[in-house]
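S.K.: Below: sequence and its predicted model.
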Amino acid sequence: MTNWKSNASKPVMDEGLQYHIRCKEGDIAKYVLLPGDPDRVDMIAEEWNEPRKIANYREHRTFSGKTGNVDISACSTGAGGGSTASAFEELAALGGETFIRVGTTAALQEHISPGDLIISSGAVRHDGTSQFYVDDRYPASAHYEVTAALVEAAEKLGYTYHVGVSCSTASWYCGQGRTGFKGYEQSFFKDKVSDLNKAGVLNFEMEAATIFTLAGLYNLKAGSVCTVVANRIRDEFTYGGVEKSVQTANLAVQILAEWDQVRKERDKKYWFPSIGKKEQVEE
């Protein structure tokens with residue numbers, strides 16, 4: 001579709017297609033996985049029942065289908081906060097309510113090894129995007145239900161995982177304390193890795209802070225699970241195990257759907273650990 005007209009404040013294409021992700025009403029499920037890499041959408045959808053390709057435009061590849069009997073979608077965000085925010089905005093407009101980032105990451109603590117999972121409870125907002133939505137003192141926090149579901153999924157799958165704060169950056173090179181082209185560096189990023197390590201931050205990645213901030217502002221739910229492919233303290237890089245974060249996220253959606261159903265049946269606004277127990281006293 002090359003020729004179309006719309007207003008500029010909220011561009012919407014013919015047939016209601018969203019400008020960046022090229023999806024329309026009815027294409028997107030309530031539960032949405034957000035990998036950065038478009039090829040990872042295919043990996044995610046391979047585990048589903050009835051996967052179907054919806055769109056593939058720019059860095060955004062979108063599939064929908066079912067994990068177990070739960071409707072689910074996946075849309076790649078590309079790398080970094082800018083493209084992630086565009087995808088998030090349009091997915092939310094089409095009915096997405098619960099979002100899980102699925103990616104790879106570099107550990108900042110010596111005890112975390114390549115192949116482990118990191119489940120983010122929050123993120124340092126160095127993403128270069130979220131500050132254009134709200135004051136930078138606003139927290140980028142994962143939703144507790146999504147975090148708990150990811151923990152339960154990782155436990156059921158038997159994967160080694162760690163839970164804590166991540167640092168989302170706008171740059172993979174200088175923004176994560178690496179030198180740039182021809183060894184370019186500034187003094188302020190020489191100590192970034194050690195400073196974050198001392199603060200107990202678990203890892204570097206590039207999208208969680210944007211996703212968490214927007215979800216918080218829009219009263220939506222979000223979480224993140226990433227496979228560790230590097231350890232910056234030990235100076236190791238071993239790429240692999242991406243299927244662990246994919247499997248964990250898919251299973252977490254099934255768990256969240258069960259919890260959502262229990263909340264509905266119990267007429268509760270919030271999920272809590274004993275909500276599904278038979279001995280739970282009805283109010």
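M.R.: Sure, I can see it. Numbering: from 1, shown residues only.
S.K.: So which residue is smack in the middle of this structure?
M.R.: Averaging the C-alpha coordinates of the chain gives a centre point, and the residue nearest to it by CA atoms, centre = their mean is Arg101 (1.5 Å).
S.K.: In three-state terms, label that one for me.
M.R.: On the three-state scheme (DSSP: H, G, I helix; E, B strand; the rest coil), Arg101 is labelled strand.
S.K.: before we move on, which element is Glu90 in?
M.R.: Following DSSP states H and E, one finds Glu90 within helix 81-93.
S.K.: by contact count, what packs against that helix?
M.R.: strand 31-35, strand 70-75, helix 208-217 (3 or more CB pairs under 8 Å, 6 or more residues apart in numbering; DSSP states H and E). Every C-beta, even on glycine, is put in place using the N, C-alpha and C of the backbone.
S.K.: That helix vs strand 31-35, what angle?
M.R.: Orientation note: helix 81-93 sits at an angle of 170 degrees relative to strand 31-35 (axes from the mean of the first three to the mean of the last three CA atoms, to 10 degrees).
S.K.: Can I get helix 81-93 as PDB, trimmed to CA atoms?
M.R.: These are the backbone C-alpha positions of helix 81-93, laid out as PDB (Å, rounded to 0.1, in the frame of the first residue of the first chain):
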ATOM      1  CA  GLY A  81      13.700   2.300  22.900                       C
ATOM      2  CA  GLY A  82      12.500   4.300  19.900                       C
ATOM      3  CA  SER A  83      11.300   1.500  17.700                       C
ATOM      4  CA  THR A  84      10.100  -0.400  20.800                       C
ATOM      5  CA  ALA A  85       7.900   2.600  21.900                       C
ATOM      6  CA  SER A  86       6.300   2.800  18.400                       C
ATOM      7  CA  ALA A  87       5.500  -0.900  18.400                       C
ATOM      8  CA  PHE A  88       4.200  -0.800  22.000                       C
ATOM      9  CA  GLU A  89       1.900   2.100  21.300                       C
ATOM     10  CA  GLU A  90       0.300   0.400  18.300                       C
ATOM     11  CA  LEU A  91       0.000  -3.000  19.900                       C
ATOM     12  CA  ALA A  92      -1.700  -1.400  22.900                       C
ATOM     13  CA  ALA A  93      -4.100   0.400  20.600                       C
END
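S.K.: so how far is the strand or helix carrying Leu150 from its chain's centroid?
M.R.: When elements are assigned from DSSP H and E, Leu150 belongs to helix 144-157. On the basis of CA atoms, centre = their mean, to the nearest Å, helix 144-157 sits 14 Å off its chain's mean C-alpha point.
S.K.: Good, we can wrap up now.
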